[in-house]
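Peer 1: What would the 3D arrangement of this be:
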Amino acid sequence: MKAVLALLLIGTTFVIAASASAATPEAKATYDASNSKAAADYKLASTHCDGLAGNPKDICVAQAKAARVQVEADATAQYKGTVSARSSARKDIADANYNVDKAKCAGQANNGKDVCLKQAKATMIAAKSDATADKKIMDARTDARDDKQTANYKVAVEKCDALAGSGKDACVASAKTKYGQ
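Peer 2: Take a look at the predicted model:
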(Lines give C-alpha, C1' and ligand atoms only; values in the text may rest on other atoms or scores of the structure.)
Protein backbone atom coordinates (compact mmCIF):
# COMPACT_ATOMS: atom_id res chain seq x y z
CA MET A 1 0.00 0.00 0.00
CA LYS A 2 2.84 2.38 0.85
CA ALA A 3 4.44 1.63 -2.52
CA VAL A 4 1.22 2.51 -4.32
CA LEU A 5 0.92 5.78 -2.41
CA ALA A 6 4.56 6.56 -3.13
CA LEU A 7 4.00 5.93 -6.86
CA LEU A 8 0.94 8.18 -6.84
CA LEU A 9 2.89 10.92 -5.09
CA ILE A 10 5.74 10.59 -7.56
CA GLY A 11 3.27 10.59 -10.45
CA THR A 12 1.62 13.73 -9.15
CA THR A 13 5.02 15.38 -8.82
CA PHE A 14 5.81 14.50 -12.42
CA VAL A 15 2.49 15.87 -13.66
CA ILE A 16 3.06 19.14 -11.82
CA ALA A 17 6.64 19.39 -13.05
CA ALA A 18 5.65 18.48 -16.61
CA SER A 19 2.86 21.05 -16.66
CA ALA A 20 5.19 23.93 -15.82
CA SER A 21 6.06 26.17 -18.72
CA ALA A 22 9.76 25.76 -19.31
CA ALA A 23 10.26 28.08 -22.27
CA THR A 24 9.83 31.34 -20.39
CA PRO A 25 12.64 33.86 -19.97
CA GLU A 26 12.24 33.51 -16.21
CA ALA A 27 12.78 29.74 -16.47
CA LYS A 28 15.94 30.29 -18.52
CA ALA A 29 17.22 32.82 -15.98
CA THR A 30 16.52 30.41 -13.12
CA TYR A 31 18.25 27.62 -15.02
CA ASP A 32 21.32 29.76 -15.69
CA ALA A 33 21.43 30.99 -12.08
CA SER A 34 21.21 27.42 -10.76
CA ASN A 35 24.06 26.28 -12.97
CA SER A 36 26.20 29.27 -11.99
CA LYS A 37 25.54 28.64 -8.31
CA ALA A 38 26.35 24.94 -8.75
CA ALA A 39 29.67 25.82 -10.37
CA ALA A 40 30.53 28.32 -7.62
CA ASP A 41 29.54 25.89 -4.85
CA TYR A 42 31.60 23.15 -6.50
CA LYS A 43 34.64 25.40 -6.73
CA LEU A 44 34.31 26.31 -3.05
CA ALA A 45 33.82 22.69 -1.99
CA SER A 46 36.75 21.46 -4.07
CA THR A 47 38.94 24.16 -2.50
CA HIS A 48 37.94 22.77 0.88
CA CYS A 49 38.88 19.28 -0.35
CA ASP A 50 42.38 20.47 -1.28
CA GLY A 51 43.22 20.57 2.42
CA LEU A 52 42.55 16.87 2.76
CA ALA A 53 44.55 13.84 1.65
CA GLY A 54 43.94 10.21 0.77
CA ASN A 55 40.49 8.65 0.99
CA PRO A 56 38.89 11.58 2.86
CA LYS A 57 39.90 13.82 -0.05
CA ASP A 58 38.46 11.36 -2.58
CA ILE A 59 35.18 11.28 -0.64
CA CYS A 60 35.12 15.07 -0.37
CA VAL A 61 35.69 15.51 -4.12
CA ALA A 62 33.04 12.90 -4.96
CA GLN A 63 30.55 14.63 -2.66
CA ALA A 64 31.30 18.01 -4.22
CA LYS A 65 30.78 16.58 -7.70
CA ALA A 66 27.58 14.85 -6.61
CA ALA A 67 26.19 18.08 -5.18
CA ARG A 68 26.97 19.87 -8.44
CA VAL A 69 25.40 17.12 -10.53
CA GLN A 70 22.27 17.19 -8.40
CA VAL A 71 21.77 20.94 -8.71
CA GLU A 72 22.51 20.95 -12.45
CA ALA A 73 20.35 17.89 -13.16
CA ASP A 74 17.43 19.31 -11.17
CA ALA A 75 17.80 22.66 -12.94
CA THR A 76 17.82 20.98 -16.35
CA ALA A 77 14.78 18.87 -15.49
CA GLN A 78 12.91 21.90 -14.21
CA TYR A 79 13.86 23.96 -17.25
CA LYS A 80 12.87 21.31 -19.79
CA GLY A 81 9.77 20.38 -17.82
CA THR A 82 9.44 16.88 -19.27
CA VAL A 83 9.13 13.46 -17.75
CA SER A 84 12.16 12.33 -19.78
CA ALA A 85 14.27 15.18 -18.42
CA ARG A 86 13.27 14.35 -14.84
CA SER A 87 14.04 10.68 -15.38
CA SER A 88 17.40 11.55 -16.89
CA ALA A 89 18.17 13.83 -13.95
CA ARG A 90 17.37 11.10 -11.47
CA LYS A 91 19.69 8.72 -13.32
CA ASP A 92 22.50 11.29 -13.37
CA ILE A 93 22.06 11.85 -9.64
CA ALA A 94 22.13 8.08 -9.03
CA ASP A 95 25.44 7.85 -10.90
CA ALA A 96 26.92 10.71 -8.88
CA ASN A 97 25.76 9.17 -5.61
CA TYR A 98 27.25 5.85 -6.71
CA ASN A 99 30.62 7.57 -7.18
CA VAL A 100 30.38 8.95 -3.63
CA ASP A 101 29.55 5.49 -2.29
CA LYS A 102 32.47 3.96 -4.20
CA ALA A 103 34.83 6.51 -2.70
CA LYS A 104 33.52 5.68 0.76
CA CYS A 105 33.99 1.97 0.08
CA ALA A 106 37.59 2.49 -0.98
CA GLY A 107 38.46 3.20 2.65
CA GLN A 108 37.41 -0.27 3.69
CA ALA A 109 39.30 -3.53 3.34
CA ASN A 110 38.69 -7.13 2.26
CA ASN A 111 35.13 -8.44 2.32
CA GLY A 112 33.78 -5.25 3.89
CA LYS A 113 34.88 -3.34 0.81
CA ASP A 114 33.35 -5.93 -1.53
CA VAL A 115 30.04 -5.82 0.33
CA CYS A 116 30.10 -2.04 0.37
CA LEU A 117 30.68 -1.88 -3.40
CA LYS A 118 27.90 -4.40 -4.08
CA GLN A 119 25.52 -2.39 -1.89
CA ALA A 120 26.50 0.85 -3.64
CA LYS A 121 25.86 -0.72 -7.04
CA ALA A 122 22.53 -2.18 -5.88
CA THR A 123 21.45 1.24 -4.62
CA MET A 124 22.38 2.86 -7.94
CA ILE A 125 20.57 0.19 -9.97
CA ALA A 126 17.47 0.57 -7.80
CA ALA A 127 17.45 4.35 -8.22
CA LYS A 128 17.88 4.11 -12.00
CA SER A 129 15.22 1.41 -12.24
CA ASP A 130 12.78 3.54 -10.27
CA ALA A 131 13.45 6.49 -12.57
CA THR A 132 12.83 4.32 -15.63
CA ALA A 133 9.67 2.82 -14.13
CA ASP A 134 8.30 6.25 -13.19
CA LYS A 135 8.88 7.46 -16.75
CA LYS A 136 7.08 4.42 -18.16
CA ILE A 137 4.17 4.97 -15.77
CA MET A 138 3.84 8.61 -16.77
CA ASP A 139 4.10 7.73 -20.46
CA ALA A 140 1.39 5.10 -20.03
CA ARG A 141 -0.86 7.59 -18.21
CA THR A 142 -0.33 10.15 -20.95
CA ASP A 143 -1.17 7.59 -23.63
CA ALA A 144 -4.27 6.49 -21.71
CA ARG A 145 -5.43 10.08 -21.29
CA ASP A 146 -4.93 10.73 -25.00
CA ASP A 147 -6.86 7.57 -25.91
CA LYS A 148 -9.74 8.60 -23.64
CA GLN A 149 -9.83 12.09 -25.15
CA THR A 150 -9.91 10.66 -28.66
CA ALA A 151 -12.69 8.22 -27.77
CA ASN A 152 -14.76 10.95 -26.12
CA TYR A 153 -14.22 13.21 -29.13
CA LYS A 154 -15.52 10.49 -31.45
CA VAL A 155 -18.62 10.08 -29.28
CA ALA A 156 -19.24 13.83 -29.31
CA VAL A 157 -18.83 14.02 -33.09
CA GLU A 158 -21.19 11.08 -33.49
CA LYS A 159 -23.79 12.97 -31.46
CA CYS A 160 -23.31 15.92 -33.81
CA ASP A 161 -24.31 13.74 -36.77
CA ALA A 162 -27.96 14.05 -35.65
CA LEU A 163 -27.77 17.78 -36.40
CA ALA A 164 -27.55 19.57 -39.72
CA GLY A 165 -26.04 22.76 -41.13
CA SER A 166 -24.59 25.39 -38.86
CA GLY A 167 -25.83 23.56 -35.76
CA LYS A 168 -23.73 20.54 -36.73
CA ASP A 169 -20.74 22.75 -37.52
CA ALA A 170 -21.02 24.44 -34.14
CA CYS A 171 -21.38 21.08 -32.41
CA VAL A 172 -18.26 19.68 -34.12
CA ALA A 173 -16.30 22.86 -33.35
CA SER A 174 -17.36 22.60 -29.71
CA ALA A 175 -16.28 18.94 -29.58
CA LYS A 176 -12.89 19.84 -31.09
CA THR A 177 -12.39 22.58 -28.53
CA LYS A 178 -13.53 20.44 -25.61
CA TYR A 179 -11.43 17.38 -26.51
CA GLY A 180 -8.37 19.09 -27.96
CA GLN A 181 -8.62 17.62 -31.42
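
Peer 1: Where does pLDDT dip in this structure?
Peer 2: Residue ranges of the chain with pLDDT under 70: 1-23.

Peer 1: Tell me the first helix or strand C-terminal of the strand or helix carrying Asp134.
Peer 2: Taking DSSP states H and E as the criterion, Asp134 maps to helix 110-160. Following helix 110-160 in sequence order, the next helix or strand is helix 165-179 (DSSP H and E).

Peer 1: By neighbour count, which bits of that following helix are buried? Give me those.
Peer 2: Going by neighbour count (16 or more other CB atoms under 10 Å), the buried part of helix 165-179 is Cys171, Val172, Ala175, Tyr179. For the C-beta atoms, the positions are set from N, CA and C on the backbone; glycine is no exception.

Peer 1: Which other helices and strands does it contact?
Peer 2: Applying 3 or more CB pairs under 8 Å, 6 or more residues apart in numbering; DSSP states H and E, we find helix 165-179 packed against helix 110-160.

Peer 1: mind listing what Ser174 touches?
Peer 2: By CB atoms under 8 Å, 6 or more residues apart in numbering, the contact list for Ser174 reads Ala156.

Peer 1: scratch that, Lys28 is what I was asking about
Peer 2: The contact partners of Lys28, taken as CB under 8 Å, 6+ apart, are Tyr79.

Peer 1: try Ala29
Peer 2: Counted by CB under 8 Å, 6+ apart, Ala29 has zero contacts.

Peer 1: what helix or strand does it sit in?
Peer 2: Counting by DSSP H and E, Ala29 is part of helix 25-49.

Peer 1: coming back round to it: report the inter-axis angle for the helix holding Asp134 versus helix 165-179.
Peer 2: 170 degrees (axes from the mean of the first three to the mean of the last three CA atoms, to 10 degrees).

Peer 1: Tell me which other helices or strands helix 110-160 touches.
Peer 2: helix 2-19, helix 83-105, helix 165-179.

Peer 1: Would you mind giving the orientation angle of that helix with respect to helix 83-105?
Peer 2: On the basis of the same axes, to 10 degrees, helix 110-160 is oriented at 170 degrees to helix 83-105.

Peer 1: ok, now how distant is Gly81 from Tyr31?
Peer 2: In this view, Gly81 and Tyr31 are 11 Å apart by CB to CB, to the nearest Å.
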